Structures are given as C-alpha cells and as structure tokens.
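[1] here you go, sequence then predicted model.
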Amino acid sequence: MHRHPDRARGFTLLEVVVTLAVLSISLTVLYQVFSSVARGTRLSADYYRALQIAETQMALLSARIGTQGGRSGTVDDLYHWKTRVQHYRPPADSPLAGDRLVSAAELGQQSYLLTVTVSWGQATDRDLELQTIRLEDEP
C-alpha cells in the first residue's frame, strides 16, 4: 500500500459542514419541543389556577344561593371571575322534565342554575365555566 505522507489525517470540510448542519437542525427541533412543553405547562398551570378560583367562587355562591343576579371580581390582576344565579326550569325535552318525576316545586323547593366564569389571558382570550343546579327551600 502506498501512503501519502503529506496528506494529514482528519475530517474533510464536507464532513464538518454536514455534521454542523445535522447538529443545527437537531438543536432547532429540540428547542421547539422544549418550547411547546413549556407553553403546555404554563397553560396547564393557568387552567388549574382558574379552576381553583371557579371552585372557590362556586362554594361561596352556593352559600348564598337565594339571591339572584351576579357578582364579579379579579384575582391576582390576571383572572377575572363572574357569577350568575338564575331560576332553573328543565327544558321540555330534558329527561328531568316530565310526568314521571316529582318537580322541585312539589317538594317545596326552588331550583337554581349557578354559573361561575373565569377568564384570563390577553384580552381575556381564555375562559373556564362551571355550572351546577341546586335546590333550596322556598321561603
């Protein structure tokens, strides 16, 4: 075998360029993956905080169910909540309506629809709403 003594051993320029290109593409993909994970984590934390606020407001609303209307407020200068209480009557096509069931009025109770909405984000572009139906004795 004939060796070229003046030829240095090492990587060619083409090999180095290809390696750098593959490395840069890989790093870009990894950056995008980590960015989307961070966004997802932040969004999940925001939804969880909004759910905590909504559940707290629903508990407070349930304690004073007899008053109709609504209230609103802000938490942490980021989450805006509003509550609404209104009389509830099941729609005619609902399984809760009909002759087979005893109505709340027949039991001497009134049914109420309680709604809590929490919104947040830029121009409140995200929101979460909880609803429940509660019964209360008629006065």
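    Here it is on my side, so go on. What you see is a predicted model; the values in this text were computed from it and never measured. Numbers count the residues shown, from 1 in each chain.

[2] residues in contact with residue 84?
    Residue 84 is in contact with 69-70, 113-115, 117, counting by CB atoms under 8 Å, 6 or more residues apart in numbering. For every residue, glycine as well, the C-beta is placed using N, CA and C.

[3] tell me which of those residues is nearest to residue 49?
    Sorting these by distance to residue 49 puts residue 117 at the head of the list, at 14.6 Å, by CB to CB.

[4] that closest one sits in which helix or strand?
    Under the criterion DSSP states H and E, the helix or strand holding residue 117 is strand 109-120.

[5] which is the next helix or strand following that strand?
    Following strand 109-120 in sequence order, the next helix or strand is strand 126-137 (DSSP H and E).

[6] that following strand packs against which elements?
    Packed against strand 126-137 by the contact rule (3 or more CB pairs under 8 Å, 6 or more residues apart in numbering; DSSP states H and E) you find helix 13-63, strand 109-120.

[7] could you dump the contacts of residue 84 to TSV with pLDDT and neighbour count?
    Putting these into TSV (pLDDT from 0 to 100; neighbours: other CB atoms under 10 Å) gives the following:
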residue	pLDDT	neighbour count
69	74	8
70	84	14
113	90	14
114	93	19
115	95	17
117	96	20
